[in-house]
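Student: 3D model of this:
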Amino acid sequence: MAPPVLIVGAGPSGLILALSLLRNDVPVRIIEKKLEYSIGQKGAGIQPRTLEMFKFLGILPEMLKEATRLPKMEHWSSPQGKEPISVGDFGLNVEDTPAKPYHNMVAIGQDVQEGILRSVIEKGYGVHVELGSELRSFEQHEDHVTTSIAKVGKGGDGDAVVEEVEVSYLVGCDGARSVVRKQLGLIFVGDTPSIPASLLGDIHIVKGLDNSCMRMWGQMTGKAVLLRPYTIEKPDNRFFFIIGGPGIDAEKLLASREEFISTFYEITGRTDIEFGEMISQAVYRPNTRMVNKFGEGRVFVAGDSAHVHSPSGAQGLNSSFADSINLAWKIALVHKNLSPPTILETYSKERLPVIATMLNKTTELFKKSLVNGGVPRGLDRGYEFRQLGVNYRGSSLVLDERSEAEAGNKLGDGELIDYYRAGEDGSVRAGDRAPDAPELLSLDPSVTTESSSGQATIMTRFFDIFKPQKHTVLVFCGSGHDDVQDLIQDLSGYPAGTVQTVLIHPQDAKHGSGPEKSLKVDYALVDQGGYAYKHYLVDEAKGGVVIVRPDGWIGGLVNDVAGVKRYFGKIFV
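Tutor: Numbers count the residues shown, from 1 in each chain. Just a heads-up that it's a prediction; the model follows:
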């Protein structure tokens with residue numbers, strides 16, 4: 001019997017979608033047209049919000065083990081002078097905070113990310129990527145999707161074996177030339193800037209250059225070269241490169257390693273640099289496009305299949321991860337007949353305004369770099385590019401009884417929504433990223449986490465509790481919250497395994513005979529550090545309820561049992 005979800009494309013968005021669905025106990029099948037796994041360091045910039053999503057999915061330690069901090073970048077004239085024109089950072093490095101424990105961007109090569117994800121999926125679930133498997137066509141029906149898959153042998157199309165496979169859902173994560181998007185008839189809105197193509201790839205440098213920093217020669221308005229070391233933490237002679245500009249034939253460079261090297265020497269003047277093996281290379285043509293909707297019926301698109309743009313700001317890959325995580329928990333609930341099919345429509349409605357905002361921001365950043373004479377001002381990236389302010393405040397799926405937010409692009413008080421900058425004013429709304437809160441004392445000795453020393457501890461944090469397969473209901477009982485018992489009793493009535501309840505006492509509250517003694521909760525905690533009530537703007541006397549969705553965004557800010565029922569009335573059948 002075929003798994004219910006067929007994922008087309010084994011890049012980062014497809015693999016994250018697969019892992020998210022598998023964490024939700026939804027079997028998947030992953031097919032990939034290529035005969036071999038991709039190699040190379042493109043898409044290496046991982047933003048803080050993506051690190052948080054890795055945390056919820058249980059893969060953050062593996063990712064951080066392979067991560068490197070972003071190096072400084074030296075900008076040199078062309079050909080190189082005696083001193084760099086400037087030295088800069090990729091945005092301001094800021095300290096981690098209790099609410100934002102992963103505050104800075106790191107670099108992990110896309111091939112490394114994919115390798116980690118494949119390993120987790122294979123070891124944990126026995127699911128393997130099927131290389132050399134191409135989606136040829138599909139047909140939607142009311143209760144399933146019929147797909148035609150060709151397994152292509154090394155001899156090419158003549159060796160193809162075609163199979164017809166029936167699945168419940170089809171998701172295209174198959175890149176900018178997506179077969180799924182095209183056959184679904186989605187419009188790919190946007191334009192192709194009249195900028196020459198560039199060559200990007202990975203190469204060994206065996207002499208003449210260390211890996212202490214990134215380097216750029218020339219201007220973005222003219223011929224330019226950029227080299228980024230794979231890592232700066234240990235010796236490594238591998239570098240990611242981009243070379244391009246007016247008068248450079250990227251296709252010619254692709255065809256000839258000697259032409260690449262001579263062009264590099266021409267731009268930089270650094271003939272002392274000796275190159276080794278070319279690891280990977282590809283021609284890149286700037287494109288700014290997005291779909292008019294993220295799916296229809298039982299067929300969806302995510303990642304590059306849904307949006308492509310300038311790499312300025314390192315947003316594309318990170319946005320792709322958020323696409324997949326947004327879609328996964330919704331498919332899981334509908335597949336299990338726990339949610340109405342209409343909940344799948346919110347995937348497109350929530351992601352469209354976020355991606356439109358992202359495309360505007362990356363395009364603006366790219367144009368600023370060109371306007372400023374080619375100086376890489378993209379290094380001065382705004383705080384919003386960390387994606388910690390990405391939000392779904394306008395979604396019909398969220399409920400905010402604090403401000404009674406309305407669906408659309410405005411809140412109830414007429415405030416316009418910036419889908420990238422929620423919380424910068426100190427507010428917390430339904431649809432925002434759910435902040436962390438450490439130093440939570442567990443009242444149940446059986447609920448423990450491992451400390452960094454390996455010793456058992458009864459302290460935990462929200463980011464250790466949030467799970468991609470469950471809504472987490474944070475019940476801030478407060479000294480004056482009288483209906484906690486009724487609330488907890490009501491929460492026990494939702495489908496098993498879909499909701500977890502966290503009871504949180506104020507920092508200075510007396511506890512030990514509270515409702516957790518007589519009613520079942522998943523976690524009974526004391527806000528010992530004082531961060532939980534502070535970060536969620538909850539009055540310690542009044543209390544309140546915060547409902548965190550499986551994707552780590554706040555679904556509901558409600559006052560009582562009635563508010564909880566209102567929210568979950570949007571989710572469950």
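
Student: neighbouring contacts of the helix or strand Glu258 falls within?
Tutor: Using DSSP states H and E, Glu258 maps to helix 257-268. Outside helix 257-268, the residues within contact range by C-beta atoms under 8 Å, 6 or more residues apart in numbering are 76, 78-80, 199, 217-218, 223-225, 243, 248, 252-253, 270-271, 273, 275, 278, 281. Every C-beta, even on glycine, is put in place using the N, C-alpha and C of the backbone.

Student: 10 Å - rerun?
Tutor: By C-beta atoms under 10 Å, 6 or more residues apart in numbering, the residues outside helix 257-268 that reach it are 76-80, 199, 201, 203, 215-218, 222-225, 227, 241, 243-245, 247-250, 252-254, 256, 270-275, 277-278, 281.

Student: same question for it, mean pLDDT?
Tutor: The average pLDDT for helix 257-268 rounds to 95.

Student: Tell me the gap between that helix and the middle of its chain.
Tutor: Here helix 257-268 is found 36 Å from its chain centre; the criterion is C-alpha atoms, centre = their mean, to the nearest Å.

Student: Which positions in it come out as buried?
Tutor: 260-261, 263-264, 267-268 (16 or more other C-beta atoms under 10 Å).

Student: And the next helix or strand past that helix?
Tutor: Next helix or strand after helix 257-268 toward the C-terminus (DSSP H and E): strand 274-284.

Student: Could you pull up phi and psi at Gly316?
Tutor: Main-chain torsions, Gly316, degrees, to the nearest 10: phi -60, psi -60.

Student: burial of it, as a residue count?
Tutor: Close neighbours of Gly316, defined as other C-beta atoms under 10 Å, add up to 24.

Student: for Glu274, same thing?
Tutor: Residues near Glu274, counting by other C-beta under 10 Å: 12.

Student: For the residue nearest to it when sequence neighbours are not counted, give me its contacts.
Tutor: The shortest distance from Glu274 to any non-neighbouring residue, by C-beta to C-beta, 6 or more residues apart in numbering, is to Lys207 (3.8 Å). Neighbour list for Lys207: 237, 272-276 [criterion: C-beta under 10 Å, 6+ apart].

Student: Most neighbours out of the residues you listed, which is it?
Tutor: Busiest of the contacts of Lys207 [other C-beta under 10 Å] is Phe275, holding 19 neighbours.

Student: What about Gly478, how many residues nearby?
Tutor: Gly478 - counted by other C-beta under 10 Å - has 20 other residues nearby.

Student: So, low pLDDT: which residues of the stretch 301-450 of the chain?
Tutor: 310-314, 362-382, 404-415, 445-450 (pLDDT under 70).

Student: those helices in it, which residues are they?
Tutor: 316-335, 345-371 (DSSP state H, counting those that start in this stretch).

Student: How much space separates the spatially most central residue of the chain from Arg215?
Tutor: Residue closest to the average C-alpha location in the chain (C-alpha atoms, centre = their mean): Phe321, at 3.0 Å. Look at Phe321 and Arg215: by C-beta to C-beta, to the nearest Å, they are 29 Å apart.

Student: If you count contacts, what does the helix or strand harbouring Gly556 end up packed against?
Tutor: Using DSSP H and E, Gly556 falls within strand 554-558. Helices and strands touching strand 554-558, by 3 or more C-beta pairs under 10 Å, 6 or more residues apart in numbering; DSSP states H and E, are strand 399-400, strand 471-476, strand 544-548, helix 561-571.

Student: tilt between it and strand 471-476?
Tutor: 40 degrees (axes from the mean of the first three to the mean of the last three C-alpha atoms, to 10 degrees).

Student: can you pull out the helices in the stretch 101-250 of the chain?
Tutor: All helices of the stretch 101-250 of the chain, identified by DSSP H, counting those that start in this stretch, fall at 110-125, 179-184, 250-255.

Student: what's the closest of those helices to Glu139?
Tutor: Proximity to Glu139 (C-beta to C-beta) singles out helix 179-184 among these, at 9.4 Å.

Student: Can you tell me which of the contacts of Lys207 comes closest to Glu439?
Tutor: Asn237 (43.7 Å).

Student: if I look at the closest one, how far off is Gln41?
Tutor: 13 Å.

Student: per-residue confidence averaged over whichever strand or helix holds Ile7?
Tutor: If you go by DSSP H and E, Ile7 is part of strand 5-8. Strand 5-8 shows an average pLDDT of 98 in the prediction.

Student: Many thanks, we can stop here.
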